[in-house]
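J.: quick one, structure for this:
(2 chains)
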Amino acid sequence: MLNPKLHLNEEIFLKDVELKSTRQGFGDALVEFGKDPRIIALTCDLTESLKLDKFAKAYPERFIEVGIAEQNMAGIATGLALSGKIPFSCTHANFQPSQNWAQLRLSVCFSNANVKLIGSHSGLSNGPDGGAALSLEDIALVRVLPNMTVLNPIDYWQTQKAVEMAIKHVGPVYIRVSKEETPIITSADTPFEIGKAQVLVEGEALTLAATGPIVYEALQAAKELKAKHHIEVEVLAFPTIKPMDEETLINSVKKTGKIITIEEHQKYGGFGSAVAEILAENLPTPQKIMAVQDTFGESGSYQELKDKYGLSSQHIVIETLKFLEKVNSK
Amino acid sequence: MPNNINLEALEKTAETLRETVIKMLLEAKSGHTAGSLGTADIFTALYFHILNIDPKNPTDPTRDIFVLSNGHICPILYATLAERGYFDKSLLWKLRKINSPLQGHPKYNELPGIENSSGSLGQGFSQALGMALAAKINKQSNRVYVMTGDGELEEGQIWEGAMFAPNKKLDNLTWIIDRNNIQIDGQTEDVMPLENLRNKLESFNWFVVEIDGHNFEEIINSCRMAKSVAQRPTAIIAHTIPGKGVDFMEYKFEWHGKPPNKDQALKAIKSLRSLQGKIKSEYD
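T.: A predicted model of the protein is given here:
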């Protein structure tokens, strides 16, 4: 079922699939690529939370504790970038971009400064902390900014590659990472390129397009749809939200004629919106956007929140069946 | 920084810059007059005496860096850079026009000598901290200068930065506050009092100097003093007169964001020409 060209984790469908957080992928990658003396890590009182403790220990002269001051952090990162450094401005996604969006706009993006931004504990992954702490608007906030590249890697290994490519890319990059330990989907051998989507599973019936660790739920749904309903859907992973891989998207819906998008984000302005913008201009296609439906979140475990807000694999299966019936009856 | 100060030359340059600013704003038909005129002496002192810069090599990594955080007073920055030879003076008449590198607020990379984008208050200040930090990490000896307005100090980001710089011992940073007491809605002390500003900054562990921002010797000597302060940054509270040099504009907050019309521009230039020899004596 899995695309053999991508060297995906063969144990992905096992019950005891290996779990690792994408924030850990970020922290580990930063230590590895931190050998580059241009790299500086900044954080707002969240060193361990962002998995920066190893970097801070390895490169203390290039680790900057800013205190709880996100606006100042984004500005300092800009000044470092304009001086030739490659700063990583790191905090939770519900503080960056929301608390320092004006700085991301004017200081970082307007100057096209080479700043890398990490938004962790994103989506539903900061569950127990409640609605105040869930970051469900960050993709919309960064996506609208000119010059910004937006990455939302799907697992631990892909986050490492995203960090590596973000360092090579000249210009602002936002990388969205998760608090929760989530299944390993890719491997160290899976290719990754900024701006490229990946066809994880090929199918004809419908396109399931997802971004971030929630891709795992789409894979589970695809497996169940095939096993129980004999429906073969195509599963696309979009670790890059901007610039979006229009070619892979359009080629897929040319074949399937319908698409469901899945994201841990508000329905308005996020990944589903980005897909709709491209399809509306190029190949208008019936689309269902599975996302948080214009409401704030609440406390609960990651799994409980995915269940309650309709983003677990069971929901994807049900929505796929409903959507197929609706589109096919027209 | 040379030791001897050529007061006469500096006064003459400042007068030229003020006249250029009036002409630019007349041509642009919009823009910020009061702060541009009020800081002309500081800009002259910086670019014609204090800063270690080479207009022919504007990205030299060993250069001193000047960050303008209150970007709305960019007419004086543009006039100064052109006068210093960063770009051709004919560009000055394109201020705020379509397809022009002289944006209404400065944009990084549009013009040689522009070190940062600005236009949302507080943001240039943090960028200057990052530049000073980079110089420290690189063990470079160049300095970073940042100018903010005084109304700008109402932004919370300024105080985030004001805590950061002494904590990181950024003694390569000089912060010049244009203390002209006005903002768009009126006097700063009516809108949102900043006093006692000196005490506030000293309690944040800045080395603080207060000067007459129209006295070249004080501007230059305070910047020289800042170079000898170790382990902490320096803040220079430069008391200036908004609209300085044009009698009917001085002290008037109404001129914060307004350009002169043709009659006013002619009167302003006449008023400026009567300034000769008066700048230094202002403080005496």
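
J.: just say helix, strand or coil for residue A:185.
T.: At residue A:185, secondary structure determined by DSSP: H, G, I helix; E, B strand; the rest coil is coil.

J.: please name the nearest non-neighbouring residue to it.
T.: Using CB to CB, 6 or more residues apart in numbering or on different chains and skipping the chain neighbours, the partner closest in space to residue A:185 is residue A:155 (4.4 Å). All C-beta atoms are positioned from the backbone trio N, CA, C, and that covers glycine.

J.: just checking, that neighbour touches residue A:23?
T.: No - between residue A:155 and residue A:23 there is no contact under CB atoms under 8 Å: 11.7 Å.

J.: neighbour count: these two, which is higher?
T.: For residue A:155 versus residue A:23, the count of surrounding residues by other CB atoms under 10 Å in any protein chain shown is larger for residue A:155: 30 against 26.

J.: which stretches of the chain form strands?
T.: In the absence of a named chain, this looks at chain A. Ranges of strands within chain A are A:19-21, A:39-43, A:63-65, A:86-92, A:116-120, A:149-151, A:173-176, A:181-183, A:198-201, A:207-210, A:234-237, A:240-242, A:259-266, A:287-292, based on DSSP state E.

J.: actually, chain B is the one I wanted.
T.: Going by DSSP E, chain B shows strands at B:65-68, B:144-149, B:173-179, B:182-183, B:186-187, B:207-212, B:234-239.

J.: which strands and helices sit next to the first one?
T.: Right, strand B:65-68. helix B:123-137, strand B:144-149 (3 or more CB pairs under 8 Å, 6 or more residues apart in numbering or on different chains; DSSP states H and E).

J.: distance to residue B:197 and mean pLDDT for the ones you listed - can I get that in CSV?
T.: Converted to CSV, those look like this (distance: least, CB to CB, whole Å; pLDDT from 0 to 100):
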stretch, distance to residue B:197, mean pLDDT
helix B:123-137, 15, 98
strand B:144-149, 12, 98
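
J.: as a markdown table, the ones you listed with distance to chain A would be great.
T.: Formatted as a markdown table, these follow (distance: least, CB to the nearest CB, whole Å):
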| stretch | distance to chain A |
| --- | --- |
| helix B:123-137 | 2 |
| strand B:144-149 | 8 |
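
J.: got JSON lines for the ones you listed, with mean neighbour count too?
T.: Converted to JSON lines, those look like this (neighbours: other CB atoms under 10 Å in any protein chain shown):
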{"stretch": "helix B:123-137", "mean neighbour count": "28"}
{"stretch": "strand B:144-149", "mean neighbour count": "27"}
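
J.: could you dump those into CSV and include distance to residue B:240?
T.: Compiled in CSV, the helices and strands packed on strand B:65-68 are given as follows (distance: least, CB to CB, whole Å):
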stretch, distance to residue B:240
helix B:123-137, 18
strand B:144-149, 10
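
J.: and residue B:172, which of those is closest to it?
T.: With CB to CB, the closest approach to residue B:172 among the helices and strands packed on strand B:65-68 belongs to helix B:123-137: 5.2 Å.

J.: the residue of the stretch 101-250 of chain A found nearest chain B and residue A:22, how far apart?
T.: Of all residues in the stretch 101-250 of chain A, residue A:111 sits closest to chain B, with a separation of 3.8 Å (CB to the nearest CB). Applying CB to CB, to the nearest Å, the value for residue A:111 to residue A:22 is 28 Å.

J.: could you report the neighbour count for residue B:97?
T.: 13.

J.: what about the helices in chain A?
T.: Assigned by DSSP state H, chain A shows helices spanning A:22-33, A:53-58, A:70-82, A:101-103, A:138-143, A:156-168, A:215-229, A:246-256, A:271-282, A:302-308, A:313-329.

J.: apologies, that question was intended for the stretch 1-150 of chain B.
T.: For the stretch 1-150 of chain B, applying DSSP state H, counting those that start in this stretch gives helices covering B:7-28, B:34-38, B:40-45, B:74-84, B:123-137.

J.: would you turn the ones you listed into TSV with distance to residue A:8?
T.: Shown next, in TSV, are the helices of the stretch 1-150 of chain B (distance: least, CB to CB, whole Å):
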stretch	distance to residue A:8
helix B:7-28	59
helix B:34-38	60
helix B:40-45	60
helix B:74-84	53
helix B:123-137	40
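
J.: if we can go back for a sec, which of the helices of chain A sits closest to residue A:292?
T.: When those are compared by CB to CB, helix A:302-308 sits nearest residue A:292, at 9.2 Å.

J.: buried sites along the closest one?
T.: A:302, A:305, A:306 (16 or more other CB atoms under 10 Å in any protein chain shown).

J.: within range of chain A, give me the residues from the stretch 151-284 of chain B.
T.: Counting by CB under 8 Å from any CB of the partner chain, the stretch 151-284 of chain B comes close to chain A at B:156, B:157, B:160, B:161, B:163, B:164, B:167, B:168.

J.: excluding chain neighbours, what is closest to the last one?
T.: Spelled out, that is residue B:168. In space, residue B:168 is closest to residue B:133, 6.3 Å off (CB to CB, 6+ apart).

J.: do I have it right that the one you found meets residue A:80?
T.: Yes - counting by CB under 8 Å, residue B:133 touches residue A:80, with 6.3 Å between them.

J.: pLDDT score for the spatially closest residue to residue B:268 that is not a sequence neighbour?
T.: Using CB to CB, 6+ apart and skipping residues adjacent in sequence, the residue nearest residue B:268 is residue B:246, 4.3 Å away. Residue B:246 is assigned 94 on the pLDDT scale.

J.: again, but for the one 4 residues further on
T.: What the model reports as pLDDT for residue B:250 is 94.

J.: mind listing what residue 256 touches?
T.: The chain I'm using is chain A. With contacts defined as CB atoms under 8 Å, 6 or more residues apart in numbering or on different chains, residue A:256 is in contact with A:203, A:204, A:205, A:206, A:207, A:233, A:234.

J.: please refer instead to chain B.
T.: Residue B:256 neighbours (CB under 8 Å, 6+ apart): B:32, B:33, B:34, B:35, B:182, B:183, B:184, B:242.

J.: thinking again about what came up before, between residue A:111 and residue A:22, which is the more surrounded one?
T.: Taking neighbours as other CB under 10 Å, residue A:111 and residue A:22 compare with residue A:22 leading, 31 against 24.

J.: quick one: the closest residue to residue B:50 other than its chain neighbours from residue A:107, how far?
T.: In space, and not counting its chain neighbours, residue B:50 is closest to residue B:223: 4.9 Å by CB to CB, 6+ apart. Look at residue B:223 and residue A:107: by CB to CB, they are 25 Å apart.

J.: so between those two, which is more surrounded?
T.: The neighbour count for residue B:223 versus residue A:107, taken as other CB under 10 Å, is higher for residue A:107 (33 against 24).

J.: with adjacent residues omitted, what lies nearest to that one?
T.: Using CB to CB, 6+ apart, the nearest residue to residue A:107 is residue A:78, at 4.2 Å.

J.: who's in contact with the one you found?
T.: A:103, A:107, A:108, A:111, A:113, A:115, B:116, B:126, B:127, B:130.

J.: make CSV out of those and add distance to residue B:231.
T.: Output for those, formatted as CSV (distance: CB to CB, whole Å):
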residue, distance to residue B:231
A:103, 28
A:107, 27
A:108, 30
A:111, 30
A:113, 29
A:115, 28
B:116, 26
B:126, 21
B:127, 22
B:130, 19
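
J.: just those residues now: which is nearest residue B:49?
T.: The closest of the contacts of residue A:78, once distances to residue B:49 are taken by CB to CB, is residue B:116, at 22.1 Å.

J.: my guess is residue A:62 contacts residue A:40. True?
T.: Yes - applying CB under 8 Å, one finds residue A:62 in contact with residue A:40, separated by 4.9 Å.

J.: mind giving me the domain ranges of chain A?
T.: Listed domain ranges for chain A are A:4-15+A:191-329, A:19-183 (source: automatic domain parsing).

J.: how about CSV for those domains, with distance to residue B:52 and mean pLDDT added?
T.: Converted to CSV, those look like this (distance: least, CB to CB, whole Å; pLDDT from 0 to 100):
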stretch, distance to residue B:52, mean pLDDT
domain A:4-15+A:191-329, 39, 98
domain A:19-183, 16, 98
